[in-house]
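>>> Curious how this folds, go ahead:
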Amino acid sequence: MTVLHPESWDPPIGYSNGITVPAGRIVFVAGQVGWDEKQVFHSEDIAPQFAQALDNIIAVLAEAGGKPEHICRMTAYCTDKPEYLAARREIGGIWREKIGKHFPAMTMVFVSALLDEPGKIELEATAVIPE
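Residues are numbered from 1 along each chain as shown. Sure thing, here's the model as predicted:
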């Protein structure tokens, strides 16, 4: 996996602008919210929901034999921009704890609501597992 970063651009913080990967098995992980394996939310706060959604992404990826470092793209959908911004440092710590210093191409989209209440953040990912 190679990070794509135009030389004249300032470095991104917490994500990559682009990723290129050699051939491998592509895994698409559907949107995962902050509920556990029984579909129960244990918090209405965004940081614990982010942690659980990330754990869910990692668990689904593991079913395909993948690891967090195989994630090459992630999209986050969030319902509360002020709460997200207030929790950004905590969310960054959760990321580093679970994923380390691997930063795939990422997009954050703020939306009015998620299907599953009281969900505040939903993550989807694409990974490429090397052959």
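>>> what's downstream of the longest helix along the chain, the next helix or strand?
If you go by DSSP state H, the chain has its longest helix at helix 46-63. Later in the chain than helix 46-63, the nearest helix or strand by DSSP states H and E is strand 71-78.
>>> Residues contacting that next one, please?
Strand 71-78 has contacts (C-beta atoms under 8 Å, 6 or more residues apart in numbering) with 1, 19, 21, 31, 46, 57, 61, 84, 99, 102, 104-111, 114, 120-128. The C-beta positions use only the backbone N, C-alpha and C, and glycine is treated the same way.
>>> Can you select the buried ones from those residues in PyMOL?
Burial among the contacts of strand 71-78 is assessed by 16 or more other C-beta atoms under 10 Å; the matching PyMOL selection reads:
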select buried, resi 1+19+21+31+46+57+61+84+99+102+104+105+106+114+120+121+122+123+124+125+126+127+128
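>>> just the helices in this structure please.
With DSSP H as the criterion, the chain has helices spanning 46-63, 81-86, 88-98.
>>> can you list those helices in JSON lines and add mean pLDDT and distance to residue 9?
Formatted as JSON lines, those follow (pLDDT from 0 to 100; distance: least, C-beta to C-beta, whole Å):
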{"stretch": "helix 46-63", "mean pLDDT": "97", "distance to residue 9": "27"}
{"stretch": "helix 81-86", "mean pLDDT": "98", "distance to residue 9": "23"}
{"stretch": "helix 88-98", "mean pLDDT": "97", "distance to residue 9": "21"}
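>>> and these, which is most packed in?
helix 46-63 (a mean of 19; mean count of other C-beta atoms under 10 Å).
>>> if we can go back for a sec, pull the distance from the longest helix of the chain to the chain's centre.
Computed by C-alpha atoms, centre = their mean, to the nearest Å, the chain-centroid distance of helix 46-63 equals 8 Å.
>>> tally of neighbours for residue 37?
9 (other C-beta atoms under 10 Å).
>>> For it, which residues are in contact?
Residue 37 makes contact with residue 59 under the criterion C-beta under 8 Å, 6+ apart.
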